[in-house]
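Asks: coords please:
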Amino acid sequence: MTQEQVAQMKEGMVHGPLLLIFLVLAIVFIVYSTSKWKLHPFLSLLFAAYGVAFLSGMPFKYIGTIISSGFGNLMTSIGLVIVFGTIIGTVIEKSGAALRMADTVLNVVGEKRSALAMSIIGYITSIPVFCDSGFVILTPLNKALARRAGVPLATMAVALSTGLYATHTLVPPTPGPIAAAGNVGADLGLVILIGIVVSIPAALVGLWWAGRVGKTIEIEGEKENISYDELKKQYKSLPNAWLSFAPIVVPIILIALSSIVNFTKYTGFGSQFVVFLGTPVNALMVGVLLSFLLMPNLSEETITGWIGQGMKDSVNILLITGAGGALGSVLSNTPMADYIKSFATGGMTGAMAILLLFIISALLKTAQGSSTVALVTTSSMMAPMLPQLGIASPVQLALAVMAIGAGAMTVSHVNDSYFWVVSQFSGMKVTDAYKAQTMATLLEGLTTIAVTLILFFIIG
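Replies: Numbers count the residues shown, from 1 in each chain. Below you'll find the predicted structure:
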C-alpha cells in the first residue's frame, strides 16, 4: 500500500480514545484466551488482529493484505535469524558445548552470580546486536548456566532479556538510538556516553526483578530435568571451550564489526565484506557452519537429525512471532499513532518536555510493539518542537534521546516480537511472561526516565 492509500484508508476509520480501548480489549483477549481457554498464541494473536481491524473500521479489502504483510515483513527481518539461532542452540545442546560454556563462565564469576553474569553478557551483546537476535544466540548458554548453578530458568531468562533490553534502546550503534540521535541533532558520541550511564541502572533494576519474580515462576519440565552432573555423564567428552563459544561469539563479533564500519562510514579495504558478514542472517549462518565443528562426527544423525530437530523447534516460535507482527501491522495502520501524536501540544518546557517525550514514545511502543519504530517516530515528530520546549544544548538533546529510549522500553507485551522470543525460547507461559518480561520492561522504562530527569536537573 502507498502512503496515499494508507492516509485515505485512515480517514474513514475510528479516531480518538476509542482506539486505545480496542487495544486494551485485544490485550485482554490474548491473555484470557491463552491462559483460560488454552488457545494457541498463534491463533489468539491473529484473532486479536482481525478483531482490532474490524472494530476500528478498517476497509475489508485491506485487512488480509495488512495482516499478511505484517506477518511476512517480520519473517523477512527475523525469520532466518530465529531458524539459524535455533539450529545453533540444538547443536550446542546435543554436543555438550552448552555444558562446557556453563563451566567456563561459572569458573570466572562463581555460581552465586550466574544471573549477574547473564545480565552483563546481554548488556554488552545488545550494543551492536538486536535484542531479539541476542536472546536467540545466548539462550543455550543461559539454560546451561541455569542448570549448572541451580538458579530458576525464569530468573536467568529475565536477567538476560533485561540486560539486552537496557542497551537496545539507549546505546548506539543499535539502529533505533542512532536514528533518534540523528533526528533530534544530538551528538552521537555524547549519546553513547550518556546512554551507557543511563542504561546501567535500567539493567540493575531488571536484574533485581529477575531475582524477585523468577522464584515465583516454574517453567514446565524444569524440575523434572536430571541434575547437571548426571547430564554431564551422558557425554563421553565435552568440546573445548573455544569451539563451544565460537558459534555464539563469532556472530556477535561479526555484527559488531559491521556496526563499527557503518558507524564510522569506513569505505576502505574489506569494508563491503565486513558489512556482508555482519548482516545478522549472514553472521548467524557463519554460526551454523561453526556449530558443525562441535559435532562428534558428520553423520545422518548429526547433520540431518540434529539440524532437522532445530528446524522443527523453530516452527512454533516463527508462527507466534509472525502473528505478533500481524497484530502490530494492524495497529500501526489504524489512526492510533496519529491520535497519540496529538498529545504533543501545549507550552511545556524543560523537564516537562523530557517527560512528554517519554510519554509519547511509551504510548507508541505499547500501541504498535516496535521499540525502533517508537524511537524513530517520536524523535522525527518532536525534533522541530524541541527548541521551543527548551531543549537545545548538546547535553539536553542527548538526554532527549534517553527519554525517547526510555519510552521505547515501556512496555514489551504481546504485539512485540521480543516478548514472544523471550517467552517461547525460555518456555514461559503467556501469563508468566506478562508478570516477568512486561513488568521488567515497565520497571526498566520508569527507572530510565527517572535517571534521565535527575541528570537533566544536574547537568541539563
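
Asks: now the helices for the stretch 351-460 of the chain?
Replies: Ranges of helices within the stretch 351-460 of the chain are 351-368, 371-382, 394-409, 417-426, 430-433, 439-459, based on DSSP state H, counting those that start in this stretch.

Asks: hmm, who's touching the second one?
Replies: Going back to what we said before, that points to helix 371-382. Contact with helix 371-382 is made by 168-169, 175-177, 179-181, 183-184, 332, 337, 341, 344, 356-357, 360-362, 364-365, 368, 400-401, 404-405, 407-409, 412, 416, 418, as judged by C-beta atoms under 8 Å, 6 or more residues apart in numbering. Glycine gets a C-beta too; all of them are placed from N, C-alpha and C.

Asks: By neighbour count, which bits of that helix are buried? Give me those.
Replies: S371, T372, V373, A374, L375, V376, T377, T378, S379, M381, M382 (16 or more other C-beta atoms under 10 Å).

Asks: now swap in stretch 68-82 and tell me
Replies: S69, G70, F71, N73, L74, M75, I78, G79, L80, V81, I82.

Asks: Could you dump those into JSON lines with pLDDT and distance to G89 added?
Replies: Output for those, formatted as JSON lines (pLDDT from 0 to 100; distance: C-beta to C-beta, whole Å):
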{"residue": "S69", "pLDDT": "92", "distance to G89": "29"}
{"residue": "G70", "pLDDT": "88", "distance to G89": "26"}
{"residue": "F71", "pLDDT": "91", "distance to G89": "23"}
{"residue": "N73", "pLDDT": "86", "distance to G89": "25"}
{"residue": "L74", "pLDDT": "78", "distance to G89": "20"}
{"residue": "M75", "pLDDT": "86", "distance to G89": "19"}
{"residue": "I78", "pLDDT": "78", "distance to G89": "15"}
{"residue": "G79", "pLDDT": "86", "distance to G89": "16"}
{"residue": "L80", "pLDDT": "88", "distance to G89": "14"}
{"residue": "V81", "pLDDT": "85", "distance to G89": "12"}
{"residue": "I82", "pLDDT": "81", "distance to G89": "10"}
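
Asks: which among the residues you listed gets closest to V288?
Replies: Nearest to V288 among the buried residues of stretch 68-82, counting by C-beta to C-beta, is L80 at 10.2 Å.

Asks: Can you show me the helices along the stretch 101-250 of the chain?
Replies: Assigned by DSSP H, counting those that start in this stretch, the helices in the stretch 101-250 of the chain fall at 114-125, 131-149, 153-168, 175-184, 188-214, 228-233, 241-264.

Asks: Residues contacting the following helix or strand past the last one, please?
Replies: Scanning forward in sequence from helix 241-264, with DSSP states H and E defining helices and strands, the next element found is helix 271-278. Helix 271-278 is touched from outside by L254, I255, A256, L257, S258, S259, V261, N262, N282, A283, V286, with contacts defined as C-beta under 8 Å, 6+ apart.

Asks: L153 is in contact with E222, correct?
Replies: Yes. Between E222 and L153 a contact is recorded at 5.4 Å, counting by C-beta atoms under 8 Å.

Asks: Neighbour count: those two, which is higher?
Replies: L153 (22 against 15; other C-beta atoms under 10 Å).

Asks: Need the per-residue pLDDT for the closest residue to that one other than its chain neighbours.
Replies: In space, and not counting its chain neighbours, L153 is closest to A146: 4.5 Å by C-beta to C-beta, 6 or more residues apart in numbering. You'll see A146 listed with a pLDDT of 87.

Asks: Now do the contacts for A146.
Replies: Listed by C-beta under 8 Å, 6+ apart, the contact set of A146 reads S114, P152, L153, T155, M156.

Asks: Count the neighbours of the closest residue to the first one other than its chain neighbours for me.
Replies: The reference is to S114. Leaving aside its sequence neighbours, S114 sits nearest to A149 (C-beta to C-beta, 6+ apart; 4.0 Å). If you count neighbours by other C-beta under 10 Å, A149 ends up with 21.
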